[in-house]
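Q: next comes the sequence, and after it the predicted model I'd like to discuss.
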Amino acid sequence: MESSRRRGSTLTEGREEQPEETPAEDATPEKPKQADSKDTWVAYVVATTDLTEAEAADLTKAELQELANDKEES
């Protein structure tokens, strides 16, 4: 490969940047373990239901887990 310097930066020919891989938008996040923090459960419920973060944060961890289990069964 041939490199050239210009104004303090190095340009390398033939080297293309790979695009960042992003997860599919419809990918379902992994369900947290029962012992995981409430914040983890809030994030999961927000990602898998139509609740907002504020609404989910108002629920207890047990309520979040019950909601996630109900969603999973339906």
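A: All right, it came through fine.

Q: what stretches of this structure score poorly on pLDDT?
A: In the predicted model of the chain, residues 1-26 satisfy pLDDT under 70.

Q: biggest helix in it by residues?
A: Ranked by residue count under DSSP state H, the longest helix found in the chain is helix 61-73.

Q: hmm, who's touching that helix?
A: Contacts to helix 61-73, defined as Cβ atoms under 8 Å, 6 or more residues apart in numbering, come from residues 31, 34, 38, 41-42, 44-45, 48-49, 51, 56, 59. Using the backbone N, CA and C atoms, a C-beta is placed for each residue, glycine as well.

Q: check stretch 51-59 too.
A: With Cβ under 8 Å, 6+ apart, stretch 51-59 has contacts from 41-42, 45-46, 49, 64, 67.

Q: can those go into a markdown table with extra columns for neighbour count and secondary structure?
A: A markdown table is the format used below for those (neighbours: other Cβ atoms under 10 Å; DSSP: H, G, I helix; E, B strand; the rest coil):
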| residue | neighbour count | secondary structure |
| --- | --- | --- |
| 41 | 24 | helix |
| 42 | 21 | helix |
| 45 | 23 | helix |
| 46 | 18 | helix |
| 49 | 15 | coil |
| 64 | 23 | helix |
| 67 | 18 | helix |
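
Q: for residue 27, give me its contacts.
A: By Cβ under 8 Å, 6+ apart, the contact list for residue 27 is empty.

Q: is it in a helix, a strand, or coil?
A: On the three-state scheme (DSSP: H, G, I helix; E, B strand; the rest coil), residue 27 is labelled coil.

Q: how close does it get to residue 54?
A: According to Cβ to Cβ, to the nearest Å, residue 27 and residue 54 sit 24 Å apart.

Q: ok and whichever helix or strand residue 39 is part of relative to helix 61-73, angle-wise?
A: Element membership for residue 39, per DSSP states H and E: helix 38-48. With axes from the mean of the first three to the mean of the last three Cα atoms, to 10 degrees as the basis, helix 38-48 and helix 61-73 are set at 30 degrees to each other.
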